[in-house]
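In: I'd like to go over a predicted model; first the sequence, then the structure.
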Amino acid sequence: MAEPEVRVFDKLLPNLRTNNEYFAGSDEEYVPALYETIARASGLLEPGEELVFESSERFTQAAMGSNPVSTRFLQILARLVRAERVLEVGTFVGVSAIYLARALEAGGRVVTIEKFPEFAAIAQRNFVANGVQDRITLLVGDAIERIEELPADEPFDLVFLDGHKERYAEYFEAIAPRLRTGGLLVVDDVLFHGDALNRVCRTEKGEGVRRFLDRAAAAKDFLRLTLPLANGIMLMLKQ
Ligand SMILES: C[S@@+](CC[C@H](N)C(=O)[O-])C[C@H]1O[C@@H](n2cnc3c(N)ncnc32)[C@H](O)[C@@H]1O
């Protein structure tokens, strides 16, 4: 009998049948086993295990921040572009900024922007507690306003966009000219819990990421890829 045809999307995710026919555990066991396998091979620890880490009382890092796979991915990207100047939109309590600061070239700097003073205050304490305060400039306020105040003649090597989803397309317009040629824009949450896949989005945040994805589709001056990792991570390399 002929083998079933493998369609273009059949190998997209590790848990699809074509990629997972030998896993012997149950469906419930699959994701924990996948994480454990990735974390062990990659030497990943949770922020609480390797940072001096104060969390927010309102949201946990697991719920609001990047997970260890994403922060390690950011570090590898920063090393690959030899990042000296990094911009982050959306600091929360500072975990991704700390990992980015640890991946900078010597003398490098992370500028990170957080709208809410409550989170910014915790982030600043976390920067000091982890000894990276000299490598991070924390700006408080609306990111679009803060980005527009940044000098246009000091371009960034890497930008991590992880703020207000409703305004992602506007962020793109503000960030693109501030990225050096060969620099990388990393955009988090671009599938927004599945809403970006809907013909009609169910949330304003979903609509925001969809508008951004439409803009990205037209950005032919960037080499771009939407990765089916976490909540969707888009890579845009400025050519
Ligand atoms: C997903 S969290 C960031 C997580 C963090 N980058 C990490 O990976 O650990 C998004 C953050 O963006 C902040 N934010 C929302 N709207 C913003 C705006 N207009 N300007 C700056 N920050 C904003 C939120 O307060 C929140 O702390």
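Out: Received, thanks. Numbers count the residues shown, from 1 in each chain.
In: which bits of this structure sit near the ligand?
Out: Residues of the chain lying close to the ligand by CB under 6 Å from any ligand atom are 64-66, 90, 92, 95-96, 113-116, 119, 142-143, 162-164. Glycine gets a C-beta too; all of them are placed from N, C-alpha and C.
In: So which bits of the helix or strand where R79 lies are buried?
Out: Element membership of R79, judged by DSSP states H and E, is helix 68-80. Buried residues in helix 68-80, counted by 16 or more other CB atoms under 10 Å: P68, V69, S70, T71, R72, F73, L74, Q75, L77, A78.
In: Name the next helix or strand downstream of the helix or strand hosting L158, please.
Out: Using DSSP H and E, L158 maps to strand 156-161. Moving toward the C-terminus from strand 156-161, the next helix or strand (DSSP H and E) is helix 168-175.
In: Partner strands of the helix or strand just after that next one, with direction?
Out: With elements assigned by DSSP H and E, the helix or strand that comes after helix 168-175 is strand 179-188. Applying DSSP bridges, strand 179-188 is found paired with strand 156-161 (parallel), strand 233-238 (antiparallel).
In: so can I have CSV of those strands showing mean pLDDT and mean neighbour count?
Out: Output for those, formatted as CSV (pLDDT from 0 to 100; neighbours: other CB atoms under 10 Å):
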stretch, mean pLDDT, mean neighbour count
strand 156-161, 98, 26
strand 233-238, 98, 21
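In: sorry, back to before: narrow the residues of the chain next to the ligand to just the buried residues.
Out: Judged by 16+ other CB under 10 Å, buried ones among the residues of the chain next to the ligand: 64-66, 90, 92, 95-96, 113-115, 119, 143, 162-164.
In: Mind checking which of those land in strands?
Out: The strands, defined by DSSP state E, take in I113, E114 from these.
In: Between which two of the buried ones among the residues of the chain next to the ligand is the distance greatest?
Out: Longest distance between any two of these is 18.5 Å, between V95 and H164; criterion CB to CB.
In: Centre-most residue in this structure?
Out: D188 (4.0 Å; CA atoms, centre = their mean).
In: how near is it to E105?
Out: Applying CB to CB, to the nearest Å, the value for D188 to E105 is 23 Å.
In: and if you look at F73?
Out: Using CB to CB, one gets 18 Å for the distance from F73 to E105.
In: contact partners of the worst-scoring helix or strand of the chain on mean pLDDT?
Out: The helix or strand of the chain with the poorest confidence is helix 61-64; it has a mean of 92 (mean pLDDT, DSSP states H and E). Residues from elsewhere that reach helix 61-64, judged by CB atoms under 8 Å, 6 or more residues apart in numbering: P47, G48, F53, S55, S56, F92, V93, V95.
In: for those, which one is nearest V209?
Out: Distances from V209 to the contacts of helix 61-64, taken as CB to CB, are shortest for F92 (18.0 Å).
In: tell me the phi and psi of that closest one?
Out: The phi/psi pair for F92 (degrees, to the nearest 10) reads phi 50, psi -130.
In: show me what contacts it?
Out: S56, F59, Q61, M64, G65, E114, F119, A123.
In: what's the one helix or strand R211 maps to packed up against?
Out: Assigning secondary structure by DSSP H and E places R211 in helix 204-218. When contacts are defined as 3 or more CB pairs under 8 Å, 6 or more residues apart in numbering; DSSP states H and E, helix 204-218 packs onto helix 168-175, strand 222-227, strand 233-238.
In: Thanks a lot, see you next time.
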